[in-house]
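**Student:** my questions concern the predicted model and sequence given below.
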Amino acid sequence: MEKAIRTIKKITRQTHKIDASGQILGRLASQIVGILIGKNKSIFQRHMDLGDFVVIANAAKIKTTGKKMQQKKYFHFSGYPGGLKTKKMADVFAKNPGETLKRAVWNMLPKNKLRSEAIKRLIIKN
């Protein structure tokens, strides 16, 4: 009788290089998430960390649609009363363009214990 569960002895991680110039932020982020969690592999299993490395070039040339740069806000709460801080997307993009992409990918990754390991495999170059 064969076991129903496949065991994976060694995970080989590839490196995917993506040029972000002219691409839309959300569409690019969803493409990156699929690679980071390993959905592009035939041995994909939700509970296993099978994703690859992703290197992003030209993060400063990412496009956004609509008025997101002026209207979208990022929130951070310290946990103390009055500790809610907001930043506009335009301010974050001006300081570090890769941070907006990283935040988009972070929020699209599944909210489980594998998320922090997957985001470590994302390398962004401006």
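**Tutor:** Yep, that arrived. Residues are numbered from 1 along each chain as shown.

**Student:** look at Thr86 and report its pLDDT.
**Tutor:** Note on Thr86: pLDDT of 97.

**Student:** can you give me phi and psi for it?
**Tutor:** Backbone geometry at Thr86, expressed as degrees, to the nearest 10, gives phi -120, psi 150.

**Student:** now do the SS call for Ile123.
**Tutor:** Using DSSP: H, G, I helix; E, B strand; the rest coil, the structure places Ile123 in strand.

**Student:** enumerate every residue touching the residue nearest to it when sequence neighbours are not counted.
**Tutor:** With CB to CB, 6 or more residues apart in numbering as the criterion, Ile123 has its nearest non-adjacent residue at 4.7 Å, and that residue is Val55. No exception for glycine: its C-beta is placed from N, CA and C like everyone else's. Going by CB atoms under 8 Å, 6 or more residues apart in numbering, Val55 touches 15-18, 123, 125.

**Student:** can you say which of these are buried?
**Tutor:** Buried members of the contacts of Val55, counted by 16 or more other CB atoms under 10 Å: His16.

**Student:** please name the nearest non-neighbouring residue to the spatially most central residue of the chain.
**Tutor:** By CA atoms, centre = their mean, the chain has its centre lying nearest to Val105, at 2.4 Å. If you skip the residues right next to it in sequence, Val105 has Ala29 as its closest partner in space, 4.9 Å away by CB to CB, 6+ apart.
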